[in-house]
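Sequence first, predicted model second:
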Amino acid sequence: MKNRVQLITYTDRLGGGGLPALRQLLRGPLKGLFGGVHLLPFYYPIDGADAGFDPIDHGQVDPRLGHWDDVKALADDVDVMADVIVNHMSSSSPQFKDFAAKGASSPFAGLFLTFDRVFPQGAHEAQLLRIYRPRPGLPFTYSVLPSGERRILWTTFTGQQIDIDVENPQGRAYLSGILKVLAESKVSMVRLDAVGYAIKRAGESCFMMPETFDFIETFAQEARSLGIEVLVEVHSYYQRQREIAQRVDWVYDFALPPLVLHAFMTGRAEALARWIGMRPQNALTVLDTHDGIGIIDIGADAADRAGSPGLVPPEELDRLVDWIHDNCQGQSRQATGAAASNLDLYQVNCTFFDALGGDENAYLAARAIQFFLPGIPQVYYVGLLAGRNDMDLLAKTGVGRDINRHHYSPADIDASLKRPVVQRLCELIRLRNEHPAFDGMFELTAASGAQLGLRWQAGSHSAELHIDLLQRRMTLLLDGQAIRLGQGACAGAPAAATPTSATPGAEEVQPA
């Protein structure tokens with residue numbers, strides 16, 4: 001993967017024109033900003049029960065977005081990442097319909113995981129209570145199939161997302177077929193969606209068990225043989241994330257978003273700095289994604305009855321959630337937990353810009369922290385445009401995460417790119433991509449009270465970031481010279497940052 005900032009986006013929500021329009025956007029107003037793009041599910045259909053994460057046909061591009069040739073064309077310009085939805089598929093898929101109609105006689109009967117596969121002798125209450133759940137209730141759906149059979153299906157997320165038996169030959173063949181299609185279409189990296197739930201065992205948590213790691217390793221080897229790198233997406237206790245990182249190519253730094261918010265809330269750098277000192281470096285750094293802002297990633301271990309502590313105390317974690325709600329005038333309350341469908345117990349649904357109360361200074365400083373940490377930065381399309389909570393879409397769909405999944409028209413994009421905060425963010429992206437210091441060595445230079453300092457050094461080149469969390473001010477120094485962010489960086493032009501005559505270390509970077 002290139003050491004450049006990546007974009008993560010839905011192909012139908014950024015300009016509305018599908019894959020060809022996205023390619024033109026990356027060749028036009030966003031030219032040179034991104035070394036890669038993570039295309040959120042573009043398979044048929046994109047508008048099922050879970051915004052594309054419940055494919056009817058994982059091997060078909062939704063015709064409304066384009067075709068596999070369009071994916072290949074995009075891959076000629078930037079690295080392309082795609083999702084492999086490992087854990088489940090749609091109840092409307094041809095395979096499941098055949099199974100539902102024919103039952104055990106279906107050639108696809110082995111593809112879908114049923115209760116009795118894991119619990120052939122039935123299950124005790126204690127066994128069921130051990131299953132790790134990201135959402136309320138048990139992961140089962142009782143169904144009377146058209147064949148007349150009564151079955152209990154394993155459905156980790158929703159009743160429309162039927163879990164795959166990844167250990168069955170049919171399940172393995174299904175997933176291998178997806179990898180081959182993606183490799184043929186020049187996809188160079190895949191994200192394993194919901195892979196933490198892929199393996200189930202009676203009496204165990206059914207989440208990130210040793211057998212899960214074995215499955216991930218085997219599947220990743222198969223992907224690498226096709227020239228594809230693998231990113232594992234797991235929200236979990238921070239120590240578990242560190243363990244996962246030792247066994248895979250890439251992980252997300254999901255602890256970073258809530259810790260950055262915590263730093264600005266408290267005006268203290270210590271918790272964030274502690275994480276910087278231990279975090280995995282084979283990470284994609286994010287502040288926002290298509291999901292909510294993770295809370296479990298910095299909290300105590302929910303699976304440990306002894307209560308292994310989190311990165312912040314429980315009372316501060318509770319305060320952080322309330323702080324986010326207050327910053328957006330309660331909008332996130334309407335989109336989080338029991339207030340919304342597709343709920344996740346461990347996330348707050350809100351745009352990152354609104355989580356900071358729309359404070360442009362804090363937002364740019366937060367992005368600078370993201371870009372200065374080791375790893376590959378990934379910027380969500382709503383975050384790129386400093387998007388606000390979409391309450392109209394939330395009201396229309398009732399899906400909590402839609403608050404941060406706005407549909408941008410071409411006119412919306414043009415207007416957003418003219419905003420000073422977006423101009424300066426684009427410039428920060430260019431600085432991260434182009435300055436040679438980011439190919440060197442990283443150092444945490446300050447982490448006391450409200451002061452946070454990060455530095456990169458490569459030979460004679462250096463890049464330094466100083467943050468005052470209380471004042472919400474940042475200072476950028478490139479090769480020892482303070483830099484003031486300019487404008488015009490979103491139009492495909494070189495970075496517009498200009499040196500100032502200010503004393504090094506004293507330059508503030510503020511939006512106009």
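Looks like it arrived, so ask away. A quick note: this is a predicted structure, and the numbers were derived from the prediction, not measured.

Could you use CA atoms for every contact and neighbour count after this?
Fine.

Enumerate every residue touching the closest residue to residue 390 other than its chain neighbours.
Distances taken as C-alpha to C-alpha, 6 or more residues apart in numbering place residue 403 nearest to residue 390, at 4.7 Å, with adjacent residues excluded. Going by C-alpha atoms under 8 Å, 6 or more residues apart in numbering, residue 403 touches 335, 349, 350, 351, 389, 390, 391, 393, 394.

my guess is residue 262 is in a helix, correct?
Yes: secondary structure of residue 262 (DSSP: H, G, I helix; E, B strand; the rest coil): part of a helix.

Tell me how many other residues surround it.
23 (other C-alpha atoms under 10 Å).

cool, and residue 167?
Using other C-alpha under 10 Å: residue 167 sits among 16 other residues.

Run through this protein and note the low-pLDDT ranges.
303-307, 338-345, 487-512 (pLDDT under 70).

Please, which helix or strand holds residue 190?
Per DSSP states H and E: residue 190 is located in strand 189-193.

what does residue 19 give?
With DSSP H and E as the criterion, the answer for residue 19 is helix 18-27.

got the contacts of residue 403 as a markdown table, with secondary structure columns?
Shown next, in a markdown table, are those (three-state DSSP):
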| residue | secondary structure |
| --- | --- |
| 335 | helix |
| 349 | coil |
| 350 | coil |
| 351 | coil |
| 389 | coil |
| 390 | coil |
| 391 | helix |
| 393 | helix |
| 394 | helix |
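
what packs against the helix or strand containing residue 424?
Using DSSP H and E, residue 424 falls within helix 420-434. Identification of packing neighbours for helix 420-434 by 3 or more C-alpha pairs under 8 Å, 6 or more residues apart in numbering; DSSP states H and E yields helix 360-372, helix 381-384.

who wins for proximity to residue 331 among these?
Among the helices and strands packed on helix 420-434, helix 381-384 comes nearest to residue 331, with 16.5 Å by C-alpha to C-alpha.

how does this protein divide into domains?
Using automatic domain parsing, the domain ranges for the chain come out as 6-87+168-434, 94-163, 437-499.

Can you tell me what sits against the helix or strand following the strand holding residue 190?
Counting by DSSP H and E, the next helix or strand C-terminal to strand 189-193 is helix 210-225. Helix 210-225 is contacted by residues 176, 179, 195, 196, 197, 198, 199, 229, 230, 244, 247, 248 when judged by C-alpha under 8 Å, 6+ apart.

Write a PyMOL command that selects only the buried members of the residues you listed.
Here is the PyMOL command that selects the buried residues among the contacts of helix 210-225 (16 or more other C-alpha atoms under 10 Å):
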select buried, resi 179+195+196+197+198+199+229+230+244+248
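
Adding distance to residue 58, write the contacts of helix 210-225 out as JSON lines.
Output for the contacts of helix 210-225, formatted as JSON lines (distance: C-alpha to C-alpha, whole Å):
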{"residue": "176", "distance to residue 58": "12"}
{"residue": "179", "distance to residue 58": "10"}
{"residue": "195", "distance to residue 58": "16"}
{"residue": "196", "distance to residue 58": "19"}
{"residue": "197", "distance to residue 58": "19"}
{"residue": "198", "distance to residue 58": "17"}
{"residue": "199", "distance to residue 58": "20"}
{"residue": "229", "distance to residue 58": "19"}
{"residue": "230", "distance to residue 58": "18"}
{"residue": "244", "distance to residue 58": "26"}
{"residue": "247", "distance to residue 58": "27"}
{"residue": "248", "distance to residue 58": "24"}
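
The residue most central in space within the chain in helix, strand or coil?
The centroid of the chain falls nearest to residue 289 when counting by C-alpha atoms, centre = their mean (4.1 Å). Secondary structure, three-state DSSP: residue 289 is coil.

Please tell me how far it sits from residue 404.
For residue 289, the distance to residue 404 (C-alpha to C-alpha, to the nearest Å) stands at 9 Å.

same thing with residue 474?
Distance from residue 474 to residue 404, by C-alpha to C-alpha: 26 Å.

out of the two, which sits in the more crowded spot?
When neighbours are counted by other C-alpha under 10 Å, residue 404 comes out ahead of the other of residue 474 and residue 404, with 30 against 26.

Please verify my assumption that the more buried one contacts residue 386.
No: Residue 404 sits out of contact with residue 386 when judged by C-alpha atoms under 8 Å, with a separation of 10.8 Å.

so which strand or helix has residue 59?
Residue 59 is part of strand 57-61 when elements are defined by DSSP H and E.

Also compute the angle for that strand relative to helix 18-27, please.
Put simply, strand 57-61 runs at 60 degrees to helix 18-27, going by axes from the mean of the first three to the mean of the last three C-alpha atoms, to 10 degrees.

Note down every partner strand of the helix or strand where residue 284 lies and its orientation.
Taking DSSP H and E as the definition, residue 284 sits inside strand 283-285. When pairing is defined by DSSP bridges, strand 283-285 lines up against strand 250-253 (parallel), strand 376-380 (parallel).

who's in contact with the longest one?
Among residues not part of strand 376-380, those counted as contacts by C-alpha under 8 Å, 6+ apart are 3-9, 283-290, 370-371.

With only the CA atoms kept, save the helix holding residue 19 in CSV.
Extracted C-alpha coordinates of helix 18-27, given in CSV (Å, rounded to 0.1, in the frame of the first residue of the first chain):
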residue,chain,number,x,y,z
GLY,A,18,-21.3,5.7,-9.8
LEU,A,19,-17.8,4.4,-10.6
PRO,A,20,-17.2,6.5,-13.8
ALA,A,21,-18.1,9.7,-12.0
LEU,A,22,-16.0,8.9,-9.0
ARG,A,23,-13.0,8.3,-11.3
GLN,A,24,-13.6,11.7,-12.9
LEU,A,25,-13.8,13.4,-9.5
LEU,A,26,-10.5,11.9,-8.5
ARG,A,27,-9.0,13.0,-11.9
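
roughly how far is that helix from the heart of the chain?
Relative to its chain's centre, helix 18-27 lies at 21 Å (C-alpha atoms, centre = their mean, to the nearest Å).

now for the next helix-or-strand element following that helix, which elements pack on it?
Proceeding N to C from helix 18-27, the next assigned helix or strand is strand 36-39, under DSSP H and E. Here strand 36-39 touches strand 6-9, strand 79-85, going by 3+ C-alpha pairs under 8 Å, 6+ apart.

Reformat those strands as CSV; add distance to residue 329.
Converted to CSV, the helices and strands packed on strand 36-39 look like this (distance: least, C-alpha to C-alpha, whole Å):
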stretch, distance to residue 329
strand 6-9, 26
strand 79-85, 34
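
quick one, which of the ones you listed is nearest to residue 298?
Between those, strand 6-9 lies closest to residue 298; by C-alpha to C-alpha that is 23.0 Å.

Tell me the strands beside that closest one, with direction?
Note on strand 6-9: by DSSP bridges, its sheet partners are strand 36-39 (parallel), strand 376-380 (parallel).

in the stretch 101-250 of the chain, which spans are strands?
For the stretch 101-250 of the chain, strands defined by DSSP state E, counting those that start in this stretch occupy the ranges 140-144, 150-154, 161-163, 189-193, 229-232, 250-253.

Fine by me, we can end here.
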